[in-house]
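In: pasting the sequence and the predicted model now:
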Amino acid sequence: MTAAENIKSNLMAAIRYVETKKHKFTRNPGMDFTRNRKLGMGDTITALISMNGGTLQRELHKYAAAGGAEISPSAF
């Protein structure tokens with residue numbers, strides 16, 4: 001495993017951990033991220049990390065093209 005693959009693996013494991021313990025990382029534990037949506041907590045974190053500074057529409061389109069869920073800026 002290369003260093004980049006190791007870093008990515010550790011990052012994804014940390015995101016999965018945060019997603020499973022989301023009550024510790026949200027302002028309103030019983031309310032935040034409780035609905036079943038296309039873009040869950042883990043996907044939201046991954047999308048935010050992958051953004052490069054373009055427009056929201058362009059960044060969400062790039063995220064969807066890379067295998068993420070297609071979502072509109074207003075839904076984000």
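Out: Sure, I can see it.
In: with just CA atoms, put stretch 51-58 into CSV.
Out: Extracted as CSV, the C-alpha positions of stretch 51-58 are listed here (Å, rounded to 0.1, in the frame of the first residue of the first chain):
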residue,chain,number,x,y,z
MET,A,51,-14.1,20.8,-3.0
ASN,A,52,-11.4,23.0,-4.6
GLY,A,53,-12.9,26.5,-4.5
GLY,A,54,-15.0,26.6,-7.6
THR,A,55,-18.7,27.4,-7.7
LEU,A,56,-20.9,25.2,-5.7
GLN,A,57,-22.7,23.9,-8.8
ARG,A,58,-19.4,23.0,-10.4
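In: next one: it to chain centre, how far?
Out: In terms of CA atoms, centre = their mean, to the nearest Å, the centre of stretch 51-58 is found 14 Å from the chain centre.
In: OK, contacts around D43?
Out: G68, A69 (CB atoms under 8 Å, 6 or more residues apart in numbering). Every residue, glycine included, has its C-beta placed from N, CA and C.
In: try A47
Out: With the criterion set at CB under 8 Å, 6+ apart, A47 makes contact with L39, E59, L60, Y63, G68, F76.
In: check what pLDDT it gets.
Out: According to the prediction, A47 has pLDDT 84.
In: measure it to T2 for me?
Out: 24 Å (CB to CB, to the nearest Å).
In: one more: K62?
Out: Going from K62 to T2 by CB to CB gives 24 Å.
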